[in-house]
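1. could you work out the structure for the sequence below:
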Amino acid sequence: MAIYKVQVATARLTGLQFDTIFITLVAATGKVREYKVPSKRALGPILLIRLHKEPYSFFPENMWYCNTVRVTSPEGNTYCFPCYRWIQGYRTVELSPLPSQSWGENPGVLSCSPPCSNHQTPPPGIGVLFKGPVCVSPEYVTKHWQEDAFFGYQYLNGFNPVLIRKCTALPENFPVTQEMVAGSLGESTSLQEELQRGSIYIADYKLLEDIPTTKVNGHQQYIAAPLCLLHQKPSGEVVPLAIQLSQHPGPDSPIFLPSDSEWLWTLAKTWVRNSEFHLHEVTSHLLRAHLLAEVFAVATQRQLPMCHPLYKLLIPHVRFSIHIDVLARTFLISPGGAIATGRRGLAVLLRKALENLTYRTLCLPDDIQERGVASLRNYYYRDDGLKIWHSAQKLSLSLGFVPGPHPQSLFWLSPWLCAVSVSVSLACRAPPLSAPVPLLSQIPRENLSCLGVIRIDFDRPLGTYPDEHFTEHGPKQLMAAFQDRLAEISQEIEERNRSLSLSYNYMYPPNIENSTAI
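-> Residues are numbered from 1 along each chain as shown. Take a look at the predicted model:
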């Protein structure tokens, strides 16, 4: 009599289980028989197992989250079959570990013939936890929010650090003159000299032009499509030089300057930050961090067998992707949501953003070069992001994958989301200004502003893999090396932050969630 010990690990988040679970051991002999724990004979090496979920008595069917199944043979060999997914309905699920000898034999040519299985959506109850680390000091913001240097700093290390780009020639629709900015630049230089020196940058919100808006709380909402010219001073500070609140200059669209009255200049900057919010929420956050992540999540779960190494590499990073997007569609971007564009305007902006999205945009090193910001000083998003990017790339290549979308997917599923997961004011209640108006008549009501402030609890920081998808020694070593590199990056960030008046922690590895979760 041969005795096989079978251990089935169920996740803690699973409630009472009333269904009947059977298991089939498939042996190397090619014969498939159902066994309980005892067997009349030894089966030989276990190639795969089948879990059968069937009704039990009169109890209703409920979903079951299986972590792993371990089978110990009479000879003492242990086989680990990772599952880590919900099993819904009465069905049979096949699990098999990836043979360890496949690693390193044919690097760069791992492939599969993908089955097209039903995509599983996490059930209600696995959601987002709204507490966690604070990346920006509220006290610092309260003290410095009106300063030009803090306004410029946010383009480098704020919640949307991907819009700023080098400006070598002024756009025709942004007629800023030397006389306008002479007071800001000083007597020792000129606008043309700074353009040639490479210290002039621009933020263009053209995507927001002609986007429909809606009413929120009975008030018509407005958004602008501004242009903002910026200058990196010799001290390293980035400050705004000029702001135009539309794409069409003229009497109804003047150019606002730091030399204007304090509150007029503050209001112009407020309009730019408002536009930043809408571009950030729809393009950087919703499109790149959620909808693209959903593409990776669906493709991973539908097209890759669980034994495939690419599935094992990506699945921890799409853990909550589908569920969080369901919540977004239900509460945030549904009809009646709080976004000023409304559902119709959001769809228009999404389409325009997708049309302007390129493969190079999704490759961080290429994006840095294309925007001309490789030499931009104090750009901590770039510095920290590139370190994590190259670490993810090294992990992917070491696991035997050809150069491709693997670093992109790891980066956009995890670090990128952390870098863009904060919000500001949601909407303005009056059209973009063309003359002095009271500030309070333009900014959103307090109940809307509060909707944009959220914090999250980090369940599994980047590089932690409590679910044992890889059972082979080689991949485990590579993941350990990835964790060691992330620890080094964390120490480097901590060391740098000690000398900063405002720490940059958005790309701090312990603050980065493994999967889309907000």
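2. helices or strands next to the one helix or strand Lys143 maps to in the packing?
-> Taking DSSP states H and E as the criterion, Lys143 maps to helix 138-144. Packing contacts for helix 138-144, counted by 3 or more Cβ pairs under 8 Å, 6 or more residues apart in numbering; DSSP states H and E, involve no helix or strand. Yep, even glycine has a C-beta here, placed from its N, CA and C like the rest.
3. can you offset everything so residue one is 32?
-> With the count now opening at 32, the last piece we talked about shows up as helix 169-175.
4. now the element after that helix, going C-ward?
-> Following helix 169-175 in sequence, per DSSP H and E, is helix 179-188.
5. helices and strands around the following helix or strand past that next one, which ones?
-> Toward the C-terminal end, the helix or strand that comes next after helix 179-188 (DSSP H and E) is strand 196-197. With contacts taken as 3+ Cβ pairs under 8 Å, 6+ apart, strand 196-197 sits against strand 231-235.
6. with just CA atoms, put the strand it packs on into PDB.
-> Output in PDB follows, covering the C-alpha atoms of strand 231-235 (Å, rounded to 0.1, in the frame of the first residue of the first chain):
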ATOM      1  CA  ILE A 231      13.600  76.300 -20.400                       C
ATOM      2  CA  TYR A 232      10.800  73.700 -20.100                       C
ATOM      3  CA  ILE A 233       7.200  73.600 -21.000                       C
ATOM      4  CA  ALA A 234       4.000  71.900 -19.900                       C
ATOM      5  CA  ASP A 235       1.300  71.700 -22.600                       C
END
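7. and that strand, which strands flank it?
-> strand 196-197 (antiparallel), strand 258-263 (antiparallel) (DSSP bridges).
8. tell me which of the ones you listed is the most buried.
-> strand 258-263 (a mean of 24; mean count of other Cβ atoms under 10 Å).
9. residues making contact with that one?
-> 183, 186, 195, 198, 201-202, 204-205, 207, 212, 215-216, 225, 230-236, 269-275, 278, 303, 407-408 (Cβ atoms under 8 Å, 6 or more residues apart in numbering).
10. that older thread, out of the strands paired with strand 231-235, which is closest to Phe89?
-> strand 196-197 (65.0 Å; Cβ to Cβ).
11. just give me how far that closest one sits from the chain centre.
-> Offset of strand 196-197 from its chain centre (Cα atoms, centre = their mean, to the nearest Å): 23 Å.
12. still on that earlier bit, which PyMOL command selects the buried ones in the contacts of strand 258-263?
-> Entered in PyMOL, the line below selects the buried ones among the contacts of strand 258-263, by 16 or more other Cβ atoms under 10 Å:
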select buried, resi 183+186+195+198+201+202+205+207+212+215+216+225+230+231+232+233+234+235+236+269+270+271+272+273+274+275+278+303+407
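13. mean confidence for the lengthiest helix in the chain?
-> Taking DSSP state H as the criterion, the chain has its longest helix at helix 504-528. Mean pLDDT, helix 504-528: 92.
14. what packs against it?
-> helix 411-429.
15. need the CA coordinates for the helix it packs on. PDB is fine.
-> Taking C-alpha atoms only, helix 411-429 is exported to PDB below (Å, rounded to 0.1, in the frame of the first residue of the first chain):
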ATOM      1  CA  TYR A 411      13.900  62.300  -8.300                       C
ATOM      2  CA  TYR A 412      11.000  60.500 -10.100                       C
ATOM      3  CA  ARG A 413      13.400  59.900 -13.000                       C
ATOM      4  CA  ASP A 414      16.400  58.900 -10.700                       C
ATOM      5  CA  ASP A 415      14.400  56.500  -8.600                       C
ATOM      6  CA  GLY A 416      12.200  55.200 -11.400                       C
ATOM      7  CA  LEU A 417      15.200  54.300 -13.600                       C
ATOM      8  CA  LYS A 418      16.800  52.300 -10.800                       C
ATOM      9  CA  ILE A 419      13.700  50.300 -10.300                       C
ATOM     10  CA  TRP A 420      13.200  49.900 -14.100                       C
ATOM     11  CA  HIS A 421      16.600  48.500 -14.600                       C
ATOM     12  CA  SER A 422      16.200  46.200 -11.600                       C
ATOM     13  CA  ALA A 423      12.900  44.800 -13.100                       C
ATOM     14  CA  GLN A 424      14.600  44.500 -16.500                       C
ATOM     15  CA  LYS A 425      17.500  42.500 -15.000                       C
ATOM     16  CA  LEU A 426      15.100  40.200 -13.300                       C
ATOM     17  CA  SER A 427      13.100  39.600 -16.500                       C
ATOM     18  CA  LEU A 428      16.200  39.000 -18.600                       C
ATOM     19  CA  SER A 429      17.800  36.700 -16.000                       C
END
